[in-house]
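Novice: got a structure for you, letters missing:
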C-alpha cells in the first residue's frame, strides 16, 4: 500500500521524515476498507514533510525510504 507521495516539497526543504504508524493511529487516518489489501497493517510508515504534513502512507520501511528517494527527497528516520 502506498498513498500518493506529493513530490513538490517547498523550495530548500527536501528533508522528509519516515516513522512507523501505530495500529490505532492508522485506523484514524484511513477508512477501514483502505486496509483490505494491506498484508501487514503493523508495517505501515508515514512520510511527512519537515513541517509535519503527511505526504504518504507506505507499507514497509524500505518502501517508504525508496518512495522518498524516488521523489528526490532526503528521508530521515524518526523513532
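Specialist: Sure, I can see it. All figures in this text were calculated on a predicted structure; none of them were measured in a lab.

Novice: elements contacting the longest helix seen in the chain?
Specialist: Longest helix in the chain by number of residues, with DSSP state H as the criterion: helix 61-70. Packed against helix 61-70 by the contact rule (3 or more Cβ pairs under 8 Å, 6 or more residues apart in numbering; DSSP states H and E) you find strand 15-20, strand 44-49, strand 54-59, strand 74-77. (C-beta placed from N, C-alpha, C; glycine too.)

Novice: Could you rerun that using 6 Å?
Specialist: Helix 61-70 sits against strand 44-49, strand 54-59, with contacts defined as 3 or more Cβ pairs under 6 Å, 6 or more residues apart in numbering; DSSP states H and E.

Novice: Output these in a markdown table; the columns should cover distance to residue 66, mean pLDDT and mean neighbour count.
Specialist: Compiled in a markdown table, those are given as follows (distance: least, Cβ to Cβ, whole Å; pLDDT from 0 to 100; neighbours: other Cβ atoms under 10 Å):
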| stretch | distance to residue 66 | mean pLDDT | mean neighbour count |
| --- | --- | --- | --- |
| strand 44-49 | 10 | 94 | 22 |
| strand 54-59 | 8 | 93 | 20 |
